[in-house]
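Chemist: fold the following for me, if possible:
(4 chains)
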Protein chains: 2
Amino acid sequence: MFLRNTGKDRRALEKKQVRRMTPQRKTILAVLRQDNAHPSADEIYDLVRKRLPSVSLGTIYRNLELLSGSGEIQKLAIGGTIKRYDWNPKKHYHIRCLRCGRVDDAPIAPLKQLENELYGATIYTIIGHTLEFEGLCPACSKQAEPV
Amino acid sequence: MFLRNTGKDRRALEKKQVRRMTPQRKTILAVLRQDNAHPSADEIYDLVRKRLPSVSLGTIYRNLELLSGSGEIQKLAIGGTIKRYDWNPKKHYHIRCLRCGRVDDAPIAPLKQLENELYGATIYTIIGHTLEFEGLCPACSKQAEPV
DNA sequence: CCTGCTATTAGTAATTATTACTGTTTTTAT
DNA sequence: ATAAAAACAGTAATAATTACTAATAGCAGG
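Modeler: Numbering: from 1, shown residues only, chains lettered A, B, ... in the order given. Modelled structure (predicted):
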């Protein structure tokens, strides 16, 4: 949970706690918890705006940062570019569609002993790992096959 | 000539081949192949400019895209934000320092049977997976421990 | 050797996701 | 009740990447 000292990472180091459950915060949590699609900040913004039309994107980002920092939700860096958010803070894996970008949970239990294989073989102090499967979702599988 | 899609996906679909080995292309390959640090496009840009001062950043990106598309190098989306490039096109895993962002190869063989565990359990057509370890590099380990 | 055709280039503009800043409002603590 | 802290909306700035444009370079066929 410690990252390097660019702006965003500096904030993570501070381990700032969520103090108050503001309406904005509450709504962000609510829309995230009824969404299994691992939405991006922008998608969450759209969903929250339906309930709180005057909410600002900065508030979305700030609160997603606070909530993931305090362990209530999880921030995912899947596939490279954009960040996605997961209401489920527990460690689990994901599978991503290479065609449309859809992300689902991968139905496989965390591999706890995986890091043991590196002990002694790497100069790093190992803290964790992320595992991501890639494939085609049902809709894109159909399109991809020329039938 | 252009299917409607996001830029990067469109380009991936085209599977455009590298036709000529231009000096720019050759230099990009050369600097990448003598660098085990998995440099970013910007770092490669700096390295190439030492040999070809007038090269442009767009050329770096375009050629890294072409070279990874044709399988000569590998494009990595490690840790989320920026992309890094690997002279080694063979499948292997990486470990990233959470503090300074350093990336090294992880000394562990690819888990070939991992995807089998998902067959029948997911609605996706599985194509592959990426596994990334997180930890602290030696330098950052020392700093992190209060001694 | 010329002519035309693409691939490629440098340089620049645009885009996207995210982070930072600013002035105001809201909540908490005294 | 009042001062301090936290959070907010709105906007500006940044970083990485992608797209565009006009010029150049190298090959293919006559």
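Chemist: ranges for the helices of chain A?
Modeler: A:7-14, A:23-33, A:41-51, A:57-69, A:138-144 (DSSP state H).
Chemist: and those: which comes nearest chain B?
Modeler: The minimum distance between chain B and these falls on helix A:138-144, with 4.7 Å, by Cβ to the nearest Cβ. Where C-beta positions appear, they are placed from N, C-alpha and C, glycine not excepted.
Chemist: got the contact list for that closest one?
Modeler: For helix A:138-144, the external contacting residues (Cβ atoms under 8 Å, 6 or more residues apart in numbering or on different chains) are A:97, A:98, A:99, A:100, A:102, A:136, B:123, B:124, B:125.
Chemist: can I get it in CSV, CA atoms only?
Modeler: These are the backbone C-alpha positions of helix A:138-144, laid out as CSV (Å, rounded to 0.1, in the frame of the first residue of the first chain):
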residue,chain,number,x,y,z
PRO,A,138,-19.4,-14.4,-24.2
ALA,A,139,-20.6,-11.6,-26.4
CYS,A,140,-17.1,-11.0,-27.9
SER,A,141,-16.5,-14.7,-28.3
LYS,A,142,-19.5,-15.0,-30.6
GLN,A,143,-18.4,-12.0,-32.7
ALA,A,144,-14.9,-13.2,-32.9
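Chemist: what strands flank the top strand by length along chain A, and is each parallel or antiparallel?
Modeler: In chain A, with assignment by DSSP state E, the single longest strand is strand A:125-136. The strands beside strand A:125-136 in its sheet (DSSP bridges) come out as strand A:94-97 (parallel), strand B:125-136 (antiparallel).
Chemist: and residue A:55, how far from residue A:64?
Modeler: Residue A:55 sits 12 Å away from residue A:64, going by Cβ to Cβ, to the nearest Å.
Chemist: same question, residue A:80
Modeler: 19 Å.
Chemist: residues contacting the closest residue to residue A:77 other than its chain neighbours?
Modeler: Nearest residue to residue A:77, sequence neighbours excluded (Cβ to Cβ, 6 or more residues apart in numbering or on different chains): residue B:80, at 2.8 Å. Taking Cβ under 8 Å, 6+ apart, we find residue B:80 in contact with A:77, A:80, A:83.
Chemist: shaky segments in chain A?
Modeler: Along chain A, segments meeting pLDDT under 70 span A:1-19, A:144-147.
Chemist: rewinding a little: centre of the chain versus the longest strand of chain A, how much separation?
Modeler: Remark: strand A:125-136 is offset 13 Å from the chain centroid, using Cα atoms, centre = their mean, to the nearest Å.
Chemist: which other residues reach it?
Modeler: By Cβ under 8 Å, 6+ apart, strand A:125-136 touches A:78-79, A:93-99, A:106, A:111, A:114-115, A:118-119, A:144, B:95, B:98, B:114-115, B:118, B:122, B:124-136, B:141.
Chemist: which of those residues are buried?
Modeler: By neighbour count, with 16 or more other Cβ atoms under 10 Å in any protein chain shown, these hold A:78-79, A:93-99, A:106, A:111, A:114-115, A:118, B:95, B:98, B:114-115, B:118, B:122, B:124-126, B:129-136 as buried.
Chemist: ok, back up a step: of the contacts of helix A:138-144, closest to DNA strand C?
Modeler: residue A:100 (13.4 Å; Cβ to the nearest atom of the strand).
Chemist: residues near that closest one, how many?
Modeler: 14 (other Cβ atoms under 10 Å in any protein chain shown).
Chemist: contacts only, for it.
Modeler: Contacts of residue A:100 (Cβ under 8 Å, 6+ apart): A:137, A:139, A:140.
Chemist: ok, and the most crowded of those residues?
Modeler: Busiest of the contacts of residue A:100 [other Cβ under 10 Å] is residue A:137, holding 22 neighbours.
Chemist: no further questions, thank you.
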